[in-house]
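Asks: sequence and predicted model, in that order:
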Amino acid sequence: MPAFPQVAVVEDSPELLADLVEFLQLRGFTASGFESAEAFLASTPESSFDLMLLDVALPGMSGLEVARQLRVQGLPIGIVMLTALDANDEQVKGFNAGADIYLSKRSTLEVIEASCRSLLRRLGKGGGDAAPPAVPAEAPNADAQLFADACSYIDSQLDNPRLTVEGVAHALQCSRTRLYQVFAERDLSVASYARDQRLARSRVLLRDLRLDIGDIALHCGYGDLPAFSKAFKRCFGVAPGEWRAAQTEIAKTL
């Protein structure tokens, strides 16, 4: 058994995937992220993981199909299903497919962590209060400066779809662990900060009716319009075009 539990996170939302992987790493897990079932199954031996967080509604092969395949193979991997489909009949489908735990995506990161540790204990794979990797003590003003520098760098890279935690840490010449910690102390993550800034920028650009929504998506670091629309609607409850239309109508009344 490795010193830290090995966790696979299979989730098609890049923002949620980054948040989950970052949080679990900060909490002492060794976490790897995959944006599809196929990527998970193709990239690494499934048997190398102690546990997985598995989205049900994946593109292509669904989370239910992944769970069934792993159970048919007899692999001793714990499966925590994460989904927006939390009706009773959906939970039954998840458990019948092989899930050990079935959680709503509305669950907090702390609940997800506690569920993972509980399942690892049930499986005899540890899961106790593993401490996050040690971070050298830094003066408060040094942490504040690092946070400010990180935010400034991220703000300058919002149009870069390849922006990663590793890239930010490399640019600032600090460790990923320290970067995680500085953001976590402010109840943030690098991924969530970048997402919020991108979406804030998108709303400013959407007010300019001369700009095409597809171009706005690219200016805000989204590789394509569907990804931008999905992130925007998840945050604001409406699609970018609907938000723009509503703001245009409001402006006419002023």
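Replies: Nice, thanks for sending it over.

Asks: where exactly do the strands run in this structure?
Replies: 6-10, 30-34, 51-55, 78-83, 101-104 (DSSP state E).

Asks: of the ones you listed, which is nearest residue 123?
Replies: Smallest distance to residue 123 across the strands of the chain (Cβ to Cβ): 5.3 Å, for strand 78-83. For the C-beta atoms, the positions are set from N, CA and C on the backbone; glycine is no exception.

Asks: just to revisit the earlier point, export the strands of the chain to TSV and append columns for distance to residue 190 and mean pLDDT.
Replies: Listed next are the strands of the chain as TSV, based on distance: least, Cβ to Cβ, whole Å; pLDDT from 0 to 100:
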stretch	distance to residue 190	mean pLDDT
strand 6-10	16	93
strand 30-34	14	90
strand 51-55	19	94
strand 78-83	21	92
strand 101-104	24	90
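
Asks: what angle sits between the lowest-mean-pLDDT helix or strand in the chain and strand 78-83?
Replies: Here the helix or strand of the chain ranked lowest by mean pLDDT, DSSP states H and E is helix 14-26, holding a mean of 83. Compare the direction of helix 14-26 with that of strand 78-83 by axes from the mean of the first three to the mean of the last three Cα atoms, to 10 degrees and you get 140 degrees.

Asks: got a list of contacts for helix 14-26?
Replies: 7, 9, 11, 31-35, 53, 105, 109, 112-113, 116, 132, 165, 176-177, 180-181, 184, 189-192, 195, 227, 231 (Cβ atoms under 8 Å, 6 or more residues apart in numbering).

Asks: try 7 Å this time
Replies: 7, 9, 11, 31, 33, 35, 53, 109, 132, 165, 180-181, 184, 189-192, 195, 231 (Cβ atoms under 7 Å, 6 or more residues apart in numbering).

Asks: follow-up on the earlier one: out of the strands of the chain, which is the most enclosed?
Replies: Mean neighbours per residue, mean count of other Cβ atoms under 10 Å, is largest over the strands of the chain for strand 51-55, with a mean of 27.

Asks: what does it contact?
Replies: By Cβ under 7 Å, 6+ apart, strand 51-55 touches 5, 7-12, 20, 63, 66-67, 77-83, 116, 119-120.

Asks: partner strands of it, with direction?
Replies: strand 6-10 (parallel), strand 78-83 (parallel) (DSSP bridges).

Asks: chain center to the longest one, what's the gap?
Replies: Distance of strand 78-83 from the chain centroid (Cα atoms, centre = their mean, to the nearest Å) equals 14 Å.

Asks: go on, stretch 54-73?
Replies: Worked out by Cα atoms, centre = their mean, stretch 54-73 lies 19 Å from the chain centre.

Asks: okay, how far is it across that stretch, tip to tip?
Replies: 17 Å (Cα to Cα, to the nearest Å).

Asks: again, but for stretch 223-242
Replies: Stretch 223-242 has an end-to-end distance of 21 Å (Cα to Cα).

Asks: what does stretch 71-79 give?
Replies: Stretch 71-79 stretches 10 Å from its first residue to its last (Cα to Cα).

Asks: next, the buried residues of it.
Replies: 77, 78, 79 (16 or more other Cβ atoms under 10 Å).

Asks: save the residues you listed as CSV, and put in distance to residue 24 too.
Replies: Output for those, formatted as CSV (distance: Cβ to Cβ, whole Å):
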residue, distance to residue 24
77, 15
78, 13
79, 15
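
Asks: where does the stretch 151-254 of the chain dip in pLDDT?
Replies: 254 (pLDDT under 70).

Asks: hang on, I meant the stretch 1-150 of the chain
Replies: 1-3, 44-47, 126-140.

Asks: do that again at 80, thanks
Replies: Low-confidence segments of the stretch 1-150 of the chain, defined by pLDDT under 80: 1-4, 15, 26, 43-47, 84-87, 105-109, 125-140.
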